[in-house]
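# coords below, sequence missing:
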Ligand code: URA
């Protein structure tokens, strides 16, 4: 597979990692992703698969969350046990397709605070246009995970991260399902401090800004629109 703009290395966990990009090629994720890519997979199954994959990706993107020890009592004795430290996580969905990943993330982290960034892509310029922005308070004190299934040109993702930084966010991670090399390169250039976690790094963008081989329009496939 031709991968432009990035030079991944395989590590012994079976993940492809670079300082800013982690491709989680776990067999369960890859199997489910293959089903999602198949154009014959119906909407309801597509949505369910995305939810399941987001559980597995959530595991990776939250790997380095800070924990602190607290004293609890088991039925047998007192012990020091770890719990997530600091303010609640902020999950930020980049509308509308981000909501598919958000649902699964919330299954695992139900106490997370939730924000939304509404950006649509101008089909001619492929540039992002903002129409909605609402995020939790104290963004500067939270780990922020921005979610959008498709990192394509990277223009909307980079614009969404700009907005999150303007709102004070300092510790931001970006979670997607599929990434194009062009999008990864754009994000690295605009936000080298934001690590990206994805299930796959695809080959290229086509002239319409779609990821190839990809899975088509994630929002349309998720919501049954055209
Ligand atoms: N957005 C999508 O939904 N699909 C792509 O391939 C690119 C951007």
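Happy to help now that I have it. For clarity, every value in this text was computed on a predicted model and none was experimentally measured.
# in this structure, which spans are helices?
Assigned by DSSP state H, the chain shows helices spanning 27-37, 43-61, 98-108, 155-166, 181-190, 218-223.
# looking at these, which is closest to residue 148?
The closest of the helices of the chain to residue 148 is helix 98-108. By Cβ to Cβ, the value is 4.6 Å. (Each C-beta comes from the backbone N, C-alpha and C, glycine too.)
# how about that closest one: buried residues?
Buried residues in helix 98-108, counted by 16 or more other Cβ atoms under 10 Å: 98, 99, 100, 101, 102, 103, 104, 105, 106.
# Mind listing the residues bridging to the nearest residue to the fourth one once chain neighbours are set aside?
Of all residues beyond its chain neighbours, the one nearest residue 101 is residue 147 (4.0 Å), with distances taken as Cβ to Cβ, 6 or more residues apart in numbering. Here residue 147 shows beta-bridge partners residue 93, residue 175, assigned using DSSP bridges.
# circling back to that earlier point, which among the buried residues of helix 98-108 gets closest to residue 183?
residue 98 (14.5 Å).
# What is the burial count for the closest residue to residue 83 other than its chain neighbours?
Excluding the flanking residues, the one nearest residue 83 by Cβ to Cβ, 6+ apart is residue 70, at 5.4 Å. As a burial measure, residue 70 scores 11 neighbours (other Cβ atoms under 10 Å).
# I'd say residue 70 and residue 79 touch.
No. With contacts counted by Cβ atoms under 8 Å, residue 70 stays clear of residue 79, the gap being 9.7 Å.
# Tell me if I'm right that residue 84 and residue 70 touch.
No. With contact defined as Cβ under 8 Å, residue 84 does not reach residue 70; the gap is 10.5 Å.
# Overlap of the contact sets of those two?
Counting by Cβ atoms under 8 Å, 6 or more residues apart in numbering, residue 84 and residue 70 have no common neighbour.
# so what's residue 115 bridging to?
Here residue 115, judged by DSSP bridges, has bridge partners residue 92.
# how close does residue 215 sit to residue 177?
For residue 215, the distance to residue 177 equals 8 Å [Cβ to Cβ, to the nearest Å].
# what residues are shared contacts of these two?
Common neighbours of residue 215 and residue 177, using Cβ under 8 Å, 6+ apart, are residue 36.
# What parts of the chain come near the ligand?
97, 150, 152, 209, 210, 211, 214, 217, 218, 219 (Cβ under 6 Å from any ligand atom).
# give me the number of residues near the first one?
With neighbours defined by other Cβ under 10 Å, the count for residue 97 comes to 23.
# and if you look at the fifth one?
Applying other Cβ under 10 Å, we find 17 residues neighbouring residue 210.
# Spatially central residue for this structure, please.
residue 175 (1.5 Å; Cα atoms, centre = their mean).
# ok, that residue - contacts?
Counted by Cβ under 8 Å, 6+ apart, residue 175 has contacts 54, 57-58, 61, 101, 105, 145-148, 196-198.
# How much space separates it from the ligand?
Residue 175 sits 15 Å away from the ligand, going by Cβ to the nearest ligand atom, to the nearest Å.
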